[in-house]
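# Here is the input, now give the coordinates:
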Amino acid sequence: MNPFALLARLGRAVLLMLAAIGRVSLFALDAISHMLRPPFYPREFGNALLQIGWLSLPVVGLTAIFTGGALALQIYAGGARFNAEAVVPQIVAIGMVRELGPVLVGLMIAARVTSSIAAEIATMKVTEQIDALVTLSTHPMKYLVAPRVLAALLTVPILVGVGDIIGIMGGYTVAVQNLGFNPAAYLKNTVDFLEVRDVISSLVKGCVFGGIAAMMGCYYGMQSGRGAQGVGRATKGSVEAAAVLILAANFVLTGVFFSI
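Just a heads-up that it's a prediction; the model follows:
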């Protein structure tokens, strides 16, 4: 292959990527500006709180409790090779609070909420409901995007906190019932080992992941093409983008909070 043609393809790919980053960044700034300026739509905000927060609790709880239990079993089995079974409560706590809790909740929100938001807004665009909002002098960004992003920023950290607690209790249940740990000693080791920085990092990650999940759902929904295929592509693209960005943001935030 001609090396110049290869460089041209690489350059086009880089330019397309930079253009996409620019569009998403401008969309996010526009959404944030609408969150801070009236008019506000409390009914839409309340509905978003219900959909993103309350109705996500079952899947978050189930994911966290099984992950905590499996983590306890794995750590116990691995620690037994080095006579270090006693570290189960400490590693379960730090693993759930620092990494697994925020990331798993973020990915569950991306799977459940991001896809729902993208499909809903894309369908509204296909059926010209967004055009109808404009004719009624209602800004789509303020009515559709701002309440959902704000609700995700507020509720996902709470979901992460709940997921951390449930995950630790899942590990506690498995350790006490199946591995022979003393209940009081397990809880004491968990509380003594966790630091304030661990909890703060978990909640900050939840806030960032929630914003990413809601923003990607809104962005892909607003940019959806016409027809059923456009809705499908918007939904698929939103979940893929949200999941990748959540994992990338997790890497960056972990480096910020825990870099040596």
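
# Can you give the contact residues for stretch 199-215?
Contacts of stretch 199-215 with the rest of the structure, by C-beta atoms under 8 Å, 6 or more residues apart in numbering, involve 24, 27-28, 31, 52, 97-98, 101-103, 105-106, 109-110, 113-114, 117, 148-149, 151-161, 164, 242, 245-246, 249-250, 253-254, 257-258. In short, each C-beta sits where N, CA and C put it, glycine included.

# Now which of the residues you listed would you call buried?
Buried positions within the contacts of stretch 199-215, assessed by neighbour count (16 or more other C-beta atoms under 10 Å), are 24, 27-28, 31, 52, 97-98, 101-103, 105-106, 109-110, 113-114, 117, 148-149, 151-161, 164, 242, 245-246, 249-250, 253-254.

# Just the ones of the contacts of stretch 199-215 in helices?
24, 27-28, 31, 52, 101-103, 105-106, 109, 117, 148-149, 151-161, 164, 242, 245-246, 249-250, 253-254, 257-258 (DSSP state H).

# Report the contact partners of the residue nearest the centre of the chain.
Closest to where the C-alpha atoms of the chain average out (C-alpha atoms, centre = their mean) is residue 106, at 2.4 Å. With contact set as C-beta under 8 Å, 6+ apart, residue 106 has these partners: 156, 160, 205-206, 209-210, 212-213, 246, 250.

# Can you read off the pLDDT for residue 260?
Confidence at residue 260, expressed as pLDDT, is 57.

# just residue 245 next, same as before
For residue 245, the predicted pLDDT is 94.

# what's the answer for residue 16, then?
Residue 16 carries a pLDDT value of 87.

# Return the mean pLDDT over stretch 128-136, rounded to an integer.
Confidence for stretch 128-136, expressed as mean pLDDT, is 86.

# swap in stretch 106-118?
The model assigns stretch 106-118 a mean pLDDT of 92.

# now swap in stretch 215-224 and tell me
91.

# CA-only coordinates of that stretch, as PDB, when you get a sec.
Output for stretch 215-224, consisting of C-alpha atoms alone and laid out as PDB, is shown next (Å, rounded to 0.1, in the frame of the first residue of the first chain):
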ATOM      1  CA  MET A 215     -24.900  12.600  28.500                       C
ATOM      2  CA  MET A 216     -24.200   9.800  26.000                       C
ATOM      3  CA  GLY A 217     -27.800   8.700  25.900                       C
ATOM      4  CA  CYS A 218     -29.000  12.200  25.300                       C
ATOM      5  CA  TYR A 219     -26.300  13.000  22.700                       C
ATOM      6  CA  TYR A 220     -26.900   9.900  20.600                       C
ATOM      7  CA  GLY A 221     -30.600  10.300  20.900                       C
ATOM      8  CA  MET A 222     -30.500  13.900  19.700                       C
ATOM      9  CA  GLN A 223     -28.100  12.900  16.900                       C
ATOM     10  CA  SER A 224     -30.200   9.900  15.800                       C
END
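
# give me the number of residues near residue 180?
Residue crowding around residue 180 was assessed by other C-beta atoms under 10 Å; the count is 9.

# picking that back up, turn the contacts of residue 106 into JSON lines, columns for distance to residue 38.
Converted to JSON lines, the contacts of residue 106 look like this (distance: C-beta to C-beta, whole Å):
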{"residue": "156", "distance to residue 38": "25"}
{"residue": "160", "distance to residue 38": "30"}
{"residue": "205", "distance to residue 38": "30"}
{"residue": "206", "distance to residue 38": "27"}
{"residue": "209", "distance to residue 38": "28"}
{"residue": "210", "distance to residue 38": "23"}
{"residue": "212", "distance to residue 38": "26"}
{"residue": "213", "distance to residue 38": "25"}
{"residue": "246", "distance to residue 38": "31"}
{"residue": "250", "distance to residue 38": "34"}
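
# Which one of these is nearest to residue 123?
residue 213 (18.7 Å; C-beta to C-beta).
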